[in-house]
Every structure is written in structure tokens, then in C-alpha cells.
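**Student:** quick one, structure for this:
(2 chains)
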Amino acid sequence: NAGVTQTPKFQVLKTGQSMTLQCAQDMNHEYMSWYRQDPGMGLRLIHYSVGAGITDQGEVPNGYNVSRSTTEDFPLRLLSAAPSQTSVYFCASSYGAGLDTQYFGPGTRLTVL
Amino acid sequence: KQEVTQIPAALSVPEGENLVLNCSFTDSAIYNLQWFRQDPGKGLTSLLLIQSSQREQTSGRLNASLDKSSGRSTLYIAASQPGDSATYLCAVNFISGGGADGLTFGKGTHLIIQP
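**Tutor:** Numbering: from 1, shown residues only, chains lettered A, B, ... in the order given. Alright, predicted model coming up:
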């Protein structure tokens, strides 16, 4: 199993550009989530999904959209990038509604100029 | 708002020592607590998951304990090695979030094991 994969590893955007961060898992996990990690702030939840077709907001959802059309994929879209979205983004997955061990991807390091 | 606090923020010890990392949380109503390891520039690796009904979990040289009533968890690392150098994160799944509302993370303990 590849586990949780994320692409790209690094990305530089200009303010106002849009992009999609990709996340995929091959463990047949129902629960998937996105976090951002900022220095001094720890990891914070952006959006999560308890299954295909179901998504919900986390602690810091503004400026981000998600969709879950398949069990395997959970892309994160930045609609109009802002410098405040410069961060490292992690995707995670687990069985059940997040009540089991959560497995994290390697992260995407995003810089918005 | 629930919070998770980790003390100390940084720790440097000689190789071979046993050490304890601390985690405290503000609400005892939790589903579980998970300890992670993060190497520089890398993702998070799950070390141990303790369900709310459990008191401790062990994996190799690692032992994590949970005292829900006092809102504390400790991660004990025995016979530390330079390869244990990393940032250790504590994360709690609070019941008030419905379980699906993700993990609340501490800011981590940056551990350096001196050869």
C-alpha cells in the first residue's frame, strides 16, 4: 500500500491564483481530512469528510473548498490564494469517523507571494 | 475551546537516557489521544493511539499513558538513541467535536538526543 499520497510536494503561487492540492489514499478509509501547519500554531483542521459525497468545515475553512467524489480522493482547492495561506498542508485518513489511528501524507509546502 | 499543551517545548539529552514528554488537555471528555513523530520537512508518523478506556499503550521502547480525569498523558522513551531526535506531537480527539471534528494538536516537543 502507498498509504496517503499528496501532490505536489512544493508549490509557489502568486496572490490571486487558484490551485488544487491532491490527496489520495489506498487503504479504503472512510474518513479524510486536511490540516495546515504553521510555525507557533500547530496543526489546524481545514475540512474533513466522513465518506464519499459528505464534507464539512473544520476550524479554519475560509478560502478553501473540498469535494469527495470517491472514497480514495479528497482534493483541497484554494480559490484565490493569499499570503496568509502560505503553510504546509497535510492530508490524513482513518477508518470510521476519525476515531481510529490517523495516517498522514508527506505534506505540500505552499508559498504564496 | 479545547486546548492541548505540551511541555517542554524543547529537550536535549545524552544518548541512553530515559525521558518523559508531557501532554495536557483541557477537557476530559475525549475519544482518544494519539502521539505522533515528525521529522524535519516530513509528514507525521503515528506512534501510539490510546482510547479513552485505556490507561497505557506500549510499542517497543515507547510507552504512552493516559490519565483522563486529570487531563494528562505522558510519552516515555526508554534508552534514547540519536535516531529518536524529532518533534513529538500529542493530539486529542475531543467528544464535543463529535469524533469527526478532527484532532486538536499540541505544538510539540522538539527532542534532540546527543550522541
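**Student:** how close does residue B:61 sit to residue A:60?
**Tutor:** 35 Å (C-beta to C-beta, to the nearest Å). (Each C-beta comes from the backbone N, C-alpha and C, glycine too.)
**Student:** these two: who's more crowded?
**Tutor:** Neighbours of residue B:61 and residue A:60, each counted by other C-beta atoms under 10 Å in any protein chain shown, are more numerous for residue A:60; the result is 18 against 13.
**Student:** how about the contacts made by the more buried one?
**Tutor:** Applying C-beta atoms under 8 Å, 6 or more residues apart in numbering or on different chains to residue A:60 gives the contacts A:36, A:44-46.
**Student:** am I right that it is in a helix?
**Tutor:** No - membership of residue A:60 in a helix is not supported by DSSP: H, G, I helix; E, B strand; the rest coil, which gives coil.
**Student:** can you sort out which of the contacts of residue A:60 also neighbour chain B?
**Tutor:** With C-beta under 8 Å from any C-beta of the partner chain as the criterion, those include A:44-45 near chain B.
**Student:** and which of the contacts of residue A:60 is nearest chain B?
**Tutor:** residue A:45 (3.7 Å; C-beta to the nearest C-beta).
**Student:** quick check: the closest one touching residue B:93?
**Tutor:** No - counting by C-beta atoms under 8 Å, residue B:93 is not a contact partner of residue A:45; they are 11.0 Å apart.
**Student:** could you tell me which residues touch both of the two?
**Tutor:** With C-beta under 8 Å, 6+ apart, residue A:45 and residue B:93 have common neighbours B:102-103.
**Student:** nearest residue to residue B:27 in space, please, no chain neighbours.
**Tutor:** Nearest residue to residue B:27, sequence neighbours excluded (C-beta to C-beta, 6 or more residues apart in numbering or on different chains): residue B:2, at 4.8 Å.
**Student:** give me the pLDDT for that neighbour.
**Tutor:** On the pLDDT scale, residue B:2 is placed at 87.
**Student:** make sure it is actually in contact with residue B:96.
**Tutor:** Yes - look at residue B:2 against residue B:96 with C-beta under 8 Å: they come within range, at 7.0 Å.
**Student:** can you tell me the helix or strand for the nearest residue to residue B:68 once chain neighbours are set aside?
**Tutor:** Of all residues beyond its chain neighbours, the one nearest residue B:68 is residue B:28 (4.9 Å), with distances taken as C-beta to C-beta, 6+ apart. Secondary structure from DSSP states H and E places residue B:28 outside every helix and strand.
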